[in-house]
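**Q** Sharing a model that was predicted from the sequence below.
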Amino acid sequence: MTIFKTKELDIELSGEKLIIKTESSNESLSLKSINSIGIIDLVEEFEKAQTVFKTSKLLRKILFSFGAFFVLFGIGVILKLDLFLGLGIVVFSSVFFVFGFLVKKQNKVEPNLKSAIRISVHGTNRDLVFLNSPENNDKVSEFISVIENQLLI
């Protein structure tokens, strides 16, 4: 019987075994071998990803600002001094816009907090990562209570 299922993770309870299916592996654990079970939030990973996202957002604004400055400067040079020099400056400004769009394309999605079900088996921790969302939190709390009830029996 499936007791916890997300896009990344599928956990089934079959008699005295816990069957864990992830995107990359399948494994089964004996309930008797589980020492403890709990939930952890992967806050450090989230903070790192959030910092990278915010830094890229700032970098993108800086690149677009430099690009706009050089476009305006190039237009001023075209009007006051020389057509070719001004066009060269405007073309040079396109480099900033291209890099700005590349940075924007690279970091489109704001990072989400992930959590993990930590299962301790014979002193070794096994973290089963899933996306932290209200529906997943309800599912995982039910899962933990089912496993704890099975461990108490």
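**A** Done, it's in.

**Q** if I pick the residue nearest to Leu59 when sequence neighbours are not counted, what's in contact with it?
**A** Leaving aside its chain neighbours, Leu59 sits nearest to Val103 (5.5 Å; criterion: CB to CB, 6 or more residues apart in numbering). Where C-beta positions appear, they are placed from N, C-alpha and C, glycine not excepted. Shown in contact with Val103 (CB atoms under 8 Å, 6 or more residues apart in numbering): 56, 59-60, 63.

**Q** how about 6 Å then?
**A** Going by CB atoms under 6 Å, 6 or more residues apart in numbering, Val103 touches 56, 59-60.

**Q** Turn these into a markdown table, columns for secondary structure and distance to Gly67.
**A** As requested, those are arranged in a markdown table below (DSSP: H, G, I helix; E, B strand; the rest coil; distance: CB to CB, whole Å):
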| residue | secondary structure | distance to Gly67 |
| --- | --- | --- |
| Ser56 | helix | 16 |
| Leu59 | helix | 12 |
| Arg60 | helix | 11 |
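
**Q** Quick one, which of these are buried?
**A** Arg60 (16 or more other CB atoms under 10 Å).

**Q** measure the residue nearest to Leu59 to Pro134 for me?
**A** 32 Å (CB to CB, to the nearest Å).
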